[in-house]
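Q: here is a sequence with its predicted model. Questions after.
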Amino acid sequence: MIERWLRFQHQGKTRFGTLEGEKIRIFEGDMFIDPQPTDMTAMLSEVKLLSPHVPGKVLALWNNFHALARKLELDPPAEPLYLMKPQNAYHNPNEVIRKPLCDGKVVYEGELAIVIGKKTTNVTEDQALDHVFGYTCANDVTVADIIKRDPTFPQWVRAKGFDTFLPFGPVIATGLDPAMLVVRTILNGEVRQDYPINDMVFPVQRLVSLISRDMTLYPGDMILCGTSVGVGSMKPGSTVEVEIDGIGTLVNGFE
């Protein structure tokens, strides 16, 4: 069964629950560890959406799609290549991505994000999906020309770590088959990315397994699966949407 979990502000309080049509069923406790239903509800139109949760850490993949690797004339990597996005980059749905003070081309990268549901250390591929809570939409915003500006040091974290550079949401959907998902990124009403998740070099279960051999993953940690062809720049005044059927649409302006 597919459930869609979200976090929101309502009547001065931050709450979480499941979305059922236009109604939210409110829960208490911990979203990842035995959440408890209450008899309270709210209408989606009455609340302010927040990011669905606050991850302890976010890992972001590079070169994880065959189509983009071919376009860039890169060999598929032998192991996952990833960086970390800092917490100051976390951002809510429907809020504005802020242009940083430095110069450079700001690009969108629509991605599927894996949300971990339980402590995960050195799990096998067969066990990996049991450790996944669900999936959400993410925009891995990047100042692209910062990355290679200094030839002595690729600036991945700086390029991707500015304030507001990781909007995600609007919900975490559970019960999905990630291999069946398609990511669409829409800039100012025009589809710019439309790619299948089953083109990943490292599919979800292999990603979770391999990364869990490097570091322990905790409930709420996120893995951004990387992006594919169609990445492009955003101009101030733009609206960017990341849409995945079964999850929903993440919408943010850029100013």
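A: Thanks, I have the structure now.
Q: now do the buried residues in stretch 118-127.
A: Using 16 or more other C-beta atoms under 10 Å as the test for burial, stretch 118-127 gives 120, 123. To be clear about C-beta, it is placed using only N, CA and C from the backbone, and glycine gets the same treatment.
Q: and stretch 179-194, by the same measure?
A: 181-187, 192-193.
Q: taking those residues, tell me the two that lie furthest apart.
A: The most widely separated members of those, counting by C-beta to C-beta, are 181 and 187 (20.1 Å).
Q: on that earlier part again, from the buried residues of stretch 179-194, pick the one nearest residue 205.
A: For residue 205, the nearest member of these is residue 181. The distance, counting by C-beta to C-beta, is 14.0 Å.
Q: next, that closest one: phi, psi?
A: Phi and psi for residue 181, reported as degrees, to the nearest 10, are phi -90, psi 150.
Q: wouldn't it be in contact with residue 242 here?
A: No: using C-beta atoms under 8 Å, residue 181 and residue 242 do not qualify as a contacting pair, with a distance of 11.9 Å.
Q: I'd say residue 175 and residue 3 touch.
A: Yes: contact status for residue 175 versus residue 3: in contact at 6.4 Å, counting by C-beta under 8 Å.
Q: overlap in contacts of the two?
A: Contact criterion C-beta atoms under 8 Å, 6 or more residues apart in numbering; residues bridging residue 175 and residue 3 by contacting each: residue 134.
Q: which strand or helix spans residue 243?
A: Taking DSSP states H and E as the criterion, residue 243 maps to strand 238-244.
Q: returning to what we had before: who has more neighbours, residue 175 and residue 3?
A: Counting neighbours by other C-beta atoms under 10 Å for residue 175 and for residue 3 shows that residue 3 has the greater number, 14 against 11.
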